[in-house]
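Colleague: One predicted model, sequence on top.
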Amino acid sequence: MDNVKTPVLEISSISKKLGGRQILNNITLNVYPGEVFGFLGPNGSGKTTTIKLMLGLLRVESGSIRICGHDVTDDFEAAMGYIGGIIENPEMYRYLTGRENLEQYARMYGGIGPGRIEEVTALVGLSDRIDDKIAKYSLGMRQRLGLAQALLNRPRLLVLDEPTNGLDPAGIKDLRDTLRELAHKESVAVFISSHQLAELDLICDRIGIINNGILLDTLTIEEVRNAGSGAGPLITVEIDPSTAENLPPFLESYRTDDPSKLTGQTEREKIPDLIYALCDSGVRIYSVSSARHSIEEVFLSMTSEYAPGGRS
Ligand SMILES: Nc1ncnc2c1ncn2[C@@H]1O[C@H](COP(=O)(O)OP(=O)(O)O)[C@@H](O)[C@H]1O
Ligand SMILES: [Mg+2]
């Protein structure tokens, strides 16, 4: 990550108690312009609480949150001016059309012309249905309208709390394409929470993993995919068993019960050398495949490590 860039969102040592319980414990993270940041954690881990603090819906008591350099407590109006956010399903008037809903919000914000309404409508791919009543919208369309609404005031930071809940795979793909385009073309920072791992894997550039109110780690997607064992992807090599005796000694541990199959873990960069060594020593190769660790495995291994009695 380019740390020279000024973060759009700076969460510093945030802790929060609710109902006498410690919900968040010393959360620190930064999100930069143009990146899609995934906030991943099981239900009840503290994602919505963190987002409510960011949006000023809960009071920051310990630590600080800054948006484009403005503290959400001391400089609330300025900080909120940079945020577009959706918590759960946005409020909408079902008897109005999509456009009329956006016009309502535009009046609330002020300073938003009809041109911007056209623009956000096109960005979220709703242009052909924007004059239909909301009552006729599918869930995916309502969510896209919510996104359009959040984008009206040209936010630098877009905050989405579990936006994929209830979306079908096609809807998730649409959302993913829209968010990536926004982030990478308009330099918007996107903060997106989810308990669904496979989706963040596809949408995000970086992921922060939260469990029991503790941020376990923040990783780039590449790091996440390689994190499972620290040893890189699992390699499987299918060989001619009559040549297995030629196996170089350093690959001895790759032998399996099946004489035509070798498996082991190695860093991705070492795979070409491994193939070369096999060929060079006279092992005949039929196929080589590598399996990356899914983010789900990584996530489960991380959260169970830190959560006694958690999943394992
Ligand atoms: N107002 C509240 N009072 C007491 N506990 C709360 C309150 N809001 C949330 N919690 C608790 O805080 C924890 C984190 O909740 P939340 O931030 O909604 O998690 P997530 O969004 O990750 O599912 C949960 O255990 C929840 O029960
Ligand atoms: Mg939540």
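Modeller: In hand now; what should we look at? Numbers count the residues shown, from 1 in each chain. Ligands and ions are numbered 1, 2, ... in the order given.

Colleague: Can you give me the buried ones in stretch 202-211?
Modeller: Neighbour-count burial for stretch 202-211 flags 203-211 (criterion: 16 or more other Cβ atoms under 10 Å). The C-beta positions use only the backbone N, C-alpha and C, and glycine is treated the same way.

Colleague: Please apply the same query to stretch 140-160.
Modeller: The neighbour-count check on stretch 140-160 (16+ other Cβ under 10 Å) flags 140-153, 155-160 as buried.

Colleague: before we move on, what about stretch 261-280?
Modeller: For stretch 261-280, the buried set under the neighbour-count rule, 16+ other Cβ under 10 Å, comprises 262, 264-266, 271, 274, 278.

Colleague: Figure out the length between the terminal residues of that stretch.
Modeller: 18 Å (Cα to Cα, to the nearest Å).

Colleague: Check stretch 262-272 too.
Modeller: Chord length of stretch 262-272, first to last residue, is 15 Å (Cα to Cα).

Colleague: Tell me the secondary structure of the residue lying farthest from the centre of the chain, please.
Modeller: Ranked by distance from the centre of the chain (Cα atoms, centre = their mean), the top residue is S242, with 47.1 Å. Per DSSP: H, G, I helix; E, B strand; the rest coil, the secondary structure class of S242 is helix.

Colleague: how close does it sit to P259?
Modeller: Noted for S242: a distance of 9 Å to P259, by Cβ to Cβ, to the nearest Å.

Colleague: Please apply the same query to R206.
Modeller: Distance from R206 to P259, by Cβ to Cβ: 43 Å.

Colleague: what residues does the protein put near ligand 1?
Modeller: Contact residues, the chain versus ligand 1 (Cβ under 6 Å from any ligand atom): 18-19, 21, 23, 41, 43-49.

Colleague: where along the stretch 201-312 of the chain do the strands fall?
Modeller: Listed in chain order, the strands of the stretch 201-312 of the chain (DSSP state E, counting those that start in this stretch) span 206-211, 214-220, 234-239, 261-265, 285-291.

Colleague: which one of the ones you listed lies closest to ligand 2?
Modeller: With Cβ to the ion, the closest approach to ligand 2 among the strands of the stretch 201-312 of the chain belongs to strand 206-211: 10.7 Å.

Colleague: Could you check that closest one against ligand 2 for contacts?
Modeller: No. Shown here: strand 206-211 not in contact with ligand 2 (Cβ under 5 Å from the ion), separated by at least 10.7 Å.

Colleague: Packing partners of that strand?
Modeller: Contact here means 3 or more Cβ pairs under 8 Å, 6 or more residues apart in numbering; DSSP states H and E; on that basis strand 206-211 packs against strand 36-40, strand 214-220, helix 221-227, helix 295-306.

Colleague: Okay, now the unreliable bits of the stretch 1-150 of the chain?
Modeller: Residue ranges of the stretch 1-150 of the chain with pLDDT under 70: 1-4, 86-92.

Colleague: Where do the strands of it begin and end?
Modeller: Under DSSP E, counting those that start in this stretch, the stretch 1-150 of the chain gives strands at 9-18, 21-31, 36-40, 62-67, 70-71, 83-86.

Colleague: Please dump those into JSON lines; it should also carry distance to T218 and mean neighbour count for every row.
Modeller: Shown next, in JSON lines, are the strands of the stretch 1-150 of the chain (distance: least, Cβ to Cβ, whole Å; neighbours: other Cβ atoms under 10 Å):
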{"stretch": "strand 9-18", "distance to T218": "11", "mean neighbour count": "18"}
{"stretch": "strand 21-31", "distance to T218": "6", "mean neighbour count": "18"}
{"stretch": "strand 36-40", "distance to T218": "8", "mean neighbour count": "27"}
{"stretch": "strand 62-67", "distance to T218": "16", "mean neighbour count": "18"}
{"stretch": "strand 70-71", "distance to T218": "22", "mean neighbour count": "16"}
{"stretch": "strand 83-86", "distance to T218": "20", "mean neighbour count": "22"}
